[in-house]
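[1] Quick one: sequence plus predicted model below, questions after.
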Amino acid sequence: MAVKIILLVVFLAMMLGVGIYSRNKAKNVNDYVLGGRTVGPWISAFAFGTSYFSSVVFIGYAGQFGWKFGVASTWIGLGNAFIGSLLAWLILGRRTRLMSQQLDAKTMPEYFGKRFDSKALRIAGSIIAFVFLVPYTAGVYNGLSRLFGMAFDIDYRICVIIMAALTGAYVVIGGYMATALNDFIQGIIMLIGICLVIGAVLAGKGGFTAALQSLSQIPTDNSVTTEALQGSQGLFASFFGPDPLALFGVIVLTSLGTWGLPQMVHKFYAIKDEKAVKTGTIVSTFFAIIIAGGCYFLGGFGRLFGDAPGIVDAETGKVAYDSIVPAMLSTLPDILIGIVVVLVFSASMSTLSSLVLTSSSTLTLDLIKPLKKKPMKDKTQLRLMQLFVVAFIVISVILAFNPPTFIAQLMGYSWGALAGAFLAPFLYGLYSKNISKAAVWASYILGVGFTIFNMFVPVIKSPINAGAVTMVAGLIIVPIVSALTPKVDRTKVDQMFTCYDKTVVVPETENLGK
């Protein structure tokens, strides 16, 4: 216990110290929200990765999908790396940075408002972002609750309060730069921790080969596949697992979804220069392969721990998915459990700080500021954002005291609504001049409307698959509606797109001909 507490205290002190160090770099709105658009390649890459992966992935997703798909769940991590990170940087990174600076947009709703010349779109987008980022936060805390229940003999509420207070402190003091610097430190901890944990857990089952052999002997059941495959052996150790179609739905939601999440896209707004884009693309992809691939690979062996107390209810046969990974870790030495606690704390704090900053900035800049008749002073905006940081933290703590049942389902609703509403118009708006205002409204209505409807009338039983369908549907509907409705004033749009046509001078090493 002393080892675990010491590691945690050192980590918390380090995070607070970074916040104090960054206080001089957050004295105006642009610096507070975007770090002055001067964030370098490694910090940008780690900020993206650590905001992507939290306790939701490590505890919730890895446990549930590892149980359902076996080692084939590793494909989810690889999808996160190559679709959610690599393609996101290649397709969105550079254009987002250029267009957001051209429009002087600091948030995703502000981008929509200025790109499509609509204050109403901006206000509606801010409300959607705030409302559906709240369940995301609840999922993060739920993952922490399971971990602290395993590692410490104290009420996890105390740990949640400490975490929330510390996160609020360094975000209020240092803004985006404090968040990004802490993300870098937390990312290093995550990389080291996941490698040590995977090695230790597999060693406890006789090594990789022995663990895989044991997994191949477990028959499938009705919780994961169709009747035709029930009772089959070897599927949990197979290439695509027992239910490839459901696996594909999870890959789409958790990978493509990042393209439409405000707190993820926000990282591209703050990139410093071209080098930061190139290096960030490589580093963030490598980070995702190790963290996401490692988490889901580890979770794929969850059924080897199916006899652990609290995982399967003997009477109902229901599986407590969020207890699987904590059960896998409970047999580790204290020093490794301490590292795991810091690892998940790191992942959760980085995501939480990103959510808090995104929520507070969008409420201030996209809801309150447009509704004010008189211009708001820069200092007033800054103080209001800091106030909302505290308010969002308080709301998230209240939710954390009574968290929902399963993390993965909660995240399906949150990601489905946010990415379903934002992904298609944001992506198309960066590349095409022909996207209409009505098409953005259609995407808003589809993403939020279908998600809420499916919560009460489950047309698609799995929130994960429902979210994936919503995102793909948005990509189809937006160009169709745009073709049938009036476009934004062409002169204004042409002016916006001049940011892509400016001539720049580059070294000969980057020029292979005239």
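    Yep, that arrived.

[2] can I assume Met163 is in contact with Leu352?
    Yes: at 7.5 Å, Met163 counts as touching Leu352 under the criterion of Cβ atoms under 8 Å. All C-beta atoms are positioned from the backbone trio N, CA, C, and that covers glycine.

[3] and for those two, which residues touch both?
    The contact sets of Met163 and Leu352 do not overlap (Cβ atoms under 8 Å, 6 or more residues apart in numbering).

[4] Low-confidence regions, the stretch 1-150 of the chain specifically.
    1, 3-4, 25-26, 36, 55, 138-139, 141-150 (pLDDT under 70).

[5] Need the single longest helix in the protein, by residues.
    Assignment by DSSP state H gives helix 156-203 as the longest helix of the chain.

[6] helix, strand or coil for Phe240?
    Using DSSP: H, G, I helix; E, B strand; the rest coil, the structure places Phe240 in coil.

[7] For it, report the pLDDT, please.
    pLDDT for Phe240: 86.

[8] mind starting the numbering at 377 from now?
    Got it, first residue is 377 now, which makes that one Phe616.

[9] Who are the contact partners of it?
    Phe616 touches Ala448, Trp451, Leu623, counting by Cβ under 8 Å, 6+ apart.

[10] Just to check, the first one is in contact with Leu623?
    This points to Ala448. Yes: counting by Cβ under 8 Å, Leu623 is a contact partner of Ala448 at 6.1 Å.

[11] Please enumerate the shared neighbours of these two.
    Phe616, Gly617.

[12] before we move on, back to that, weed out the non-buried ones from the contacts of Phe616.
    Buried residues within the contacts of Phe616, defined by neighbour count using 16 or more other Cβ atoms under 10 Å: Ala448, Trp451, Leu623.

[13] Could I get those in CSV, plus columns for secondary structure and distance to Gly825?
    CSV is the format used below for the buried ones among the contacts of Phe616 (DSSP: H, G, I helix; E, B strand; the rest coil; distance: Cβ to Cβ, whole Å):
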residue, secondary structure, distance to Gly825
Ala448, helix, 33
Trp451, helix, 31
Leu623, helix, 27
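
[14] Strands of the stretch 777-890 of the chain, residue ranges please.
    Counting by DSSP state E, counting those that start in this stretch, the stretch 777-890 of the chain has no strands at all.

[15] All the helices of it, in order from the start?
    783-807, 813-832, 839-860, 866-872 (DSSP state H, counting those that start in this stretch).

[16] ranking those helices by burial, who's on top?
    helix 783-807 (a mean of 26; mean count of other Cβ atoms under 10 Å).

[17] average pLDDT across that helix?
    The model assigns helix 783-807 a mean pLDDT of 84.

[18] which helices and strands does that helix pack with?
    Here helix 783-807 touches helix 438-445, helix 470-479, helix 484-491, helix 495-527, helix 620-632, helix 638-645, helix 813-832, helix 839-860, going by 3 or more Cβ pairs under 8 Å, 6 or more residues apart in numbering; DSSP states H and E.

[19] what's the angle between the last one and helix 783-807?
    With axes from the mean of the first three to the mean of the last three Cα atoms, to 10 degrees as the criterion, the two stretches helix 839-860 and helix 783-807 enclose an angle of 20 degrees.

[20] hang on, the earlier thing: okay, the helices of the stretch 777-890 of the chain in CSV with distance to Gly551 next?
    Listed next are the helices of the stretch 777-890 of the chain as CSV, based on distance: least, Cβ to Cβ, whole Å:
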stretch, distance to Gly551
helix 783-807, 23
helix 813-832, 28
helix 839-860, 30
helix 866-872, 27
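
[21] Nearest to Ser420 among these would be which one?
    helix 783-807 (18.1 Å; Cβ to Cβ).

[22] Tell me what angle the closest one forms with helix 813-832.
    Going by the same axes, to 10 degrees, helix 783-807 makes 170 degrees with helix 813-832.

[23] and helix 783-807, how far from the chain's centre?
    With Cα atoms, centre = their mean, to the nearest Å as the basis, helix 783-807 stands 11 Å off its chain's centre.

[24] Could you do stretch 584-597 as well?
    31 Å.

[25] Need the contact partners of it.
    446-447, 578, 581-582, 605-613, 618, 676-677, 679-680, 682.

[26] Just the ones in strands from the residues you listed, please.
    Among those, none falls in strands (DSSP state E).

[27] Just the buried ones out of those residues, please.
    For the contacts of stretch 584-597, buried by 16+ other Cβ under 10 Å: Gly446, Val447, Leu578, Lys581, Leu611, Phe612, Ala613, Pro618, Gly676, Phe677, Arg679, Leu680.

[28] So for the fifth one, what's the nearest residue that isn't a sequence neighbour?
    Once its chain neighbours are removed from consideration, Leu611 has its nearest residue in Pro618; the separation is 4.0 Å (Cβ to Cβ, 6 or more residues apart in numbering).

[29] Give me the local confidence score for Tyr672.
    93.

[30] in the helix or strand encompassing it, what's buried?
    For Tyr672, the element it lies in under DSSP states H and E is helix 650-675. Across helix 650-675, burial judged by 16+ other Cβ under 10 Å covers 652-653, 656-657, 659-675.

[31] Hey, what's the angle from that helix to helix 470-479? Just curious.
    Using the same axes, to 10 degrees: helix 650-675 against helix 470-479 is 130 degrees.

[32] Helix 650-675 - contacts with which helices or strands?
    helix 417-428, helix 438-445, helix 450-455, helix 470-479, helix 532-579, helix 700-705.

[33] And the contacts of the first one?
    If I follow you right, that is helix 417-428. Contacts for helix 417-428 (Cβ under 8 Å, 6+ apart): 415, 456, 460-461, 465, 555-557, 559-560, 562-564, 566, 634, 639-640, 643, 646-648, 651-660, 663-664, 667-668, 722-723, 726-727, 730.

[34] and that helix, C-alpha only, in PDB?
    In PDB, the C-alpha atoms belonging to helix 417-428 read as follows (Å, rounded to 0.1, in the frame of the first residue of the first chain):
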ATOM      1  CA  PRO A 417       5.200  17.900 -32.700                       C
ATOM      2  CA  TRP A 418       5.800  15.500 -29.800                       C
ATOM      3  CA  ILE A 419       3.600  17.400 -27.400                       C
ATOM      4  CA  SER A 420       0.800  17.600 -30.100                       C
ATOM      5  CA  ALA A 421       1.100  13.900 -30.800                       C
ATOM      6  CA  PHE A 422       1.000  12.900 -27.200                       C
ATOM      7  CA  ALA A 423      -1.900  15.300 -26.500                       C
ATOM      8  CA  PHE A 424      -3.900  13.600 -29.300                       C
ATOM      9  CA  GLY A 425      -3.100  10.100 -28.100                       C
ATOM     10  CA  THR A 426      -3.600  10.600 -24.400                       C
ATOM     11  CA  SER A 427      -6.900  12.400 -25.000                       C
ATOM     12  CA  TYR A 428      -8.000   9.400 -27.200                       C
END
